[in-house]
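S.K.: have a look; sequence and predicted model below, questions after that.
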Amino acid sequence: MADVNHAAARIRLACFDVDGTLTDGRLGFDTAGRESKTFHVHDGQGLVLLRRFGIEVAFVTARASPVAQQRADELRIPEVHTSVPDKLARVEEIAGRLGLAMDQVAFMGDDLPDLRVMAHVGLSAAPADAHPWVASRVDWRSTAPGGGGAAREFCDLLLQAQGHVESLLSDLVRPAGLRAEGPA
């Protein structure tokens with residue numbers, strides 16, 4: 001765990017696969033062919049907190065997904081990349097644009113299309129229910145399943161490793177007029 005905490009302390013960009021990581025992996029379609037997905041509110045709070053403390057967040061998914069774009073818009077996450085055939089190339093492009101080395105990047109995913117990018121980042125993570133071939137090759141796994149709080153656990157790990165938890169908690173219990181400014 002010491003190596004994981006050391007790696008987590010360096011992360012400046014946290015990238016997330018969508019289906020199976022931010023959702024439970026099931027895809028719903030109505031009779032008109034419109035897609036539906038379910039996201040966990042705890043995961044959303046974790047993603048917002050990462051950005052509040054200076055860690056950029058990106059969604060990187062192979063599927064075309066208006067639903068993922070909508071969720072990112074709600075959370076004010078500008079880095080949303082759908083229909084991505086090469087996740088590693090896209091993550092390298094994002095990191096380069098932000099002036100980050102790949103050891104400052106984390107990626108959380110759950111299945112085979114995520115393996116290549118996970119092998120090149122500073123910290124790889126997977127939900128508890130990730131495919132076994134992926135789960136056995138990551139640096140860290142959540143106890144929660146994809147879409148069920150796994151991303152929040154990972155966000156909390158990053159925040160803890162970077163020393164932000166105590167200031168966050170103390171800020172939350174202060175009276176409203178005395179709180180530090182920033183999005184929540």
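M.R.: It's in.

S.K.: tell me where the chain has strands.
M.R.: Along the chain, counting by DSSP state E, strands occupy 13-16, 28-29, 35-36, 56-60, 79-81, 105-108, 123-126, 140-141.

S.K.: off-centre distance for the longest one?
M.R.: Just to be clear, that refers to strand 56-60. 6 Å (Cα atoms, centre = their mean, to the nearest Å).

S.K.: can you tell me the strand partners of it and which way each runs?
M.R.: strand 13-16 (parallel), strand 79-81 (parallel) (DSSP bridges).

S.K.: of these, which is nearest F154?
M.R.: Closest to F154 of the strands paired with strand 56-60, according to Cβ to Cβ: strand 13-16, at 7.4 Å. C-beta here means a position set from N, CA and C on the backbone, and glycine is covered the same way.

S.K.: mean confidence for the closest one?
M.R.: For strand 13-16, the mean pLDDT works out to 98.

S.K.: next one: stretch 145-155
M.R.: pLDDT averaged over stretch 145-155 gives 97.

S.K.: roughly how far is it from the heart of the chain?
M.R.: Distance, centroid of stretch 145-155 to centroid of chain: 8 Å (Cα atoms, centre = their mean).

S.K.: same check, this time on stretch 116-127
M.R.: 11 Å.

S.K.: and it, what's buried?
M.R.: Residues of stretch 116-127 classed as buried under the neighbour-count rule (16 or more other Cβ atoms under 10 Å) are 117-118, 120-127.

S.K.: with stretch 132-143 instead?
M.R.: 134, 138-142.
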